[in-house]
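Student: only geometry, no sequence info:
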């Protein structure tokens, strides 16, 4: 690991009279950092989906574009796992903005270099590179959350944080439209959001801090006097020594059956999430008769709708189901099946119903997406938080998004048309419900290290 990325050492506790005010100030500050930062990551995550209609006009097929998209998802899934492990041993303040900056540079290059969007090979390589840098966003955010917020408030707090990517995803098509208007160039869908993302990277560097103990504060459990079952303080010697990547995997990840169960479930949740999202612009334009601008607004509405849906899911899991995430995910996924069915069978000429269905799916799908991530954090020690988040992300993006949503989805649309695509979406939703149900009766208690 590069020296400047290493996690900072613990500092001596600051004066007791300053602990409360400092903790409150820094909790808000780091929360804003990961919130704004993760929204910024989404400015340059899914630009390619909006460019699909333009690339089809350039002569690319849906199968080719689905293949190119898969490189982004494969890379992101792998990176989320690998870089998640790195993030467990890194300084969040440097790690997260670095990934956003490098991702922004990649997208700017993709937009300004003509060869980048004229060659399938070059597009795929750049999307792979972008996906790798994108994998440096979620794990440090999750790691920050478990160190600064206690387990009993985490569902609600993470549901608030999770809307960051909905805000980022909703702003992305609007930034793309603005970029096209300003530069009169469809390639601005790539480079204009990239420029904005660089500004965001600077902002989050200013806001973020690493663990509370790195700034002279006690652990969140000690400060809140909120100790989960089986809680144990980590020995000072072990804190100084640190934990290796292999120890994180063999002790906290590999033997955790519930974690693996929700990881597989996440693959099918992500198939639905990106199966609907990535192909929405093409479906609405080709089948439903939407204009490109109308499809962009529908895409944006899909993301905006996720905000109340995500907040509600976090509140339900904390307050109604007392920390159990699975029941809420199952309810949401069952309602998604209904919304997808109506979206599929709604006749052409009823755009209001199409938009309502997309809004409903957006409202619902991000609840399970967020809750699976929270459940992964609940199931492991703090020192393995980034790796656990990375594992669910690996399954979500590598299997669910790249192989199933992008490659298989593009192939099915090309060869079995849109009916086959919707059958795939409904089947995936049902499988996700079954896999999540395997954990519904299981407690989420874990040992928590600081």
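Tutor: That came in fine, so what should we check first? Remember, it's a predicted structure, so these values are computed and weren't measured experimentally.
Student: and the lengthiest helix in the chain, which residues are buried?
Tutor: Secondary structure of the chain per DSSP state H: the longest helix is helix 151-183. Within helix 151-183, the residues scored as buried using 16 or more other Cβ atoms under 10 Å are 151, 154-159, 161-173, 175-177, 179-180. C-beta: built from backbone N, CA, C; applies to glycine.
Student: can you pull out the helices in the stretch 301-450 of the chain?
Tutor: In the stretch 301-450 of the chain, the helices defined using DSSP state H, counting those that start in this stretch lie at 326-345, 351-378, 385-394, 409-437.
Student: Check which residues of the second one are buried.
Tutor: This means helix 351-378. Buried-residue list, helix 351-378, by 16+ other Cβ under 10 Å: 354-378.
Student: for the stretch 251-400 of the chain, what are the low-confidence residue spans?
Tutor: 252, 382-383, 385-386 (pLDDT under 70).
Student: what's near enough to touch residue 292?
Tutor: 53, 281, 285 (Cβ atoms under 8 Å, 6 or more residues apart in numbering).
Student: how does it look with 7 Å?
Tutor: If a contact means Cβ atoms under 7 Å, 6 or more residues apart in numbering, then residue 292 has 53, 285 as its contacts.
Student: And the residue nearest the centre of the chain?
Tutor: In the chain, the centroid-proximal residue (Cα atoms, centre = their mean) is residue 138; its distance is 6.0 Å.
Student: looking at the helices of the stretch 301-450 of the chain, which is closest to residue 25?
Tutor: helix 385-394 (23.1 Å; Cβ to Cβ).
Student: Tell me the spacing between the nearest residue to residue 42 once chain neighbours are set aside and residue 41.
Tutor: Spatial nearest neighbour of residue 42, excluding adjacent residues (Cβ to Cβ, 6 or more residues apart in numbering): residue 168 at 2.8 Å. Per Cβ to Cβ, to the nearest Å, residue 168 is found 7 Å from residue 41.
Student: what does residue 322 give?
Tutor: Residue 322 is 32 Å from residue 41, by Cβ to Cβ.
Student: again, but for residue 271
Tutor: Counting by Cβ to Cβ - residue 271 and residue 41 are separated by 21 Å.
Student: returning to what we had before: ok, the residue nearest to residue 42 touching residue 47?
Tutor: No: using Cβ atoms under 7 Å, residue 168 makes no contact with residue 47, being 11.4 Å away.
Student: Pretty sure residue 296 sits against residue 52.
Tutor: No: Residue 296 is beyond contact range of residue 52, at 11.8 Å (criterion: Cβ under 7 Å).
Student: Pretty sure residue 102 sits against residue 134.
Tutor: No: Residue 102 is beyond contact range of residue 134, at 9.5 Å (criterion: Cβ under 7 Å).
Student: quick one, which of these two is more surrounded?
Tutor: residue 134 (28 against 16; other Cβ atoms under 10 Å).
Student: what's that one in contact with, if anything?
Tutor: Residue 134 touches 41, 45, 76, 79, 103, counting by Cβ under 7 Å, 6+ apart.
Student: Would you mind checking which of those residues is nearest to residue 221?
Tutor: Using Cβ to Cβ, the contacts of residue 134 come closest to residue 221 at residue 41, 29.1 Å.
Student: Just the pLDDT at that closest one, thanks.
Tutor: Predicted confidence (pLDDT) at residue 41: the value is 95.
Student: which strands and helices sit next to the helix or strand harbouring it?
Tutor: Taking DSSP states H and E as the definition, residue 41 sits inside helix 16-42. Other helices and strands packing on helix 16-42, by 3 or more Cβ pairs under 7 Å, 6 or more residues apart in numbering; DSSP states H and E, are helix 92-112, helix 138-148, helix 151-183, helix 188-207.
Student: Figure out which of those helices is closest to residue 439.
Tutor: Nearest of the helices and strands packed on helix 16-42 (Cβ to Cβ): helix 151-183, 15.2 Å.
Student: which stretches of the stretch 101-250 of the chain have low pLDDT?
Tutor: In the stretch 101-250 of the chain, residues with pLDDT under 70: 228-248.
Student: The residue lying closest to residue 437 once chain neighbours are set aside and residue 364: what is the separation?
Tutor: In this structure, residue 437 finds its nearest non-sequential neighbour in residue 330, 6.1 Å apart by Cβ to Cβ, 6+ apart. Residue 330 is 12 Å from residue 364, where distance means Cβ to Cβ.
Student: cool, residue 57 as well?
Tutor: Residue 57 is 33 Å from residue 364, by Cβ to Cβ.
Student: same deal with residue 78?
Tutor: Taking Cβ to Cβ, one finds residue 78 at 28 Å from residue 364.
Student: re earlier: distance check, the residue nearest to the centre of the chain against residue 96.
Tutor: 10 Å.
Student: okay, now the nearest residue to residue 353 once chain neighbours are set aside: neighbour count?
Tutor: Once flanking residues are discounted, residue 353 sits nearest to residue 346: 4.6 Å by Cβ to Cβ, 6+ apart. Per other Cβ under 10 Å, the neighbour tally for residue 346 reads 16.
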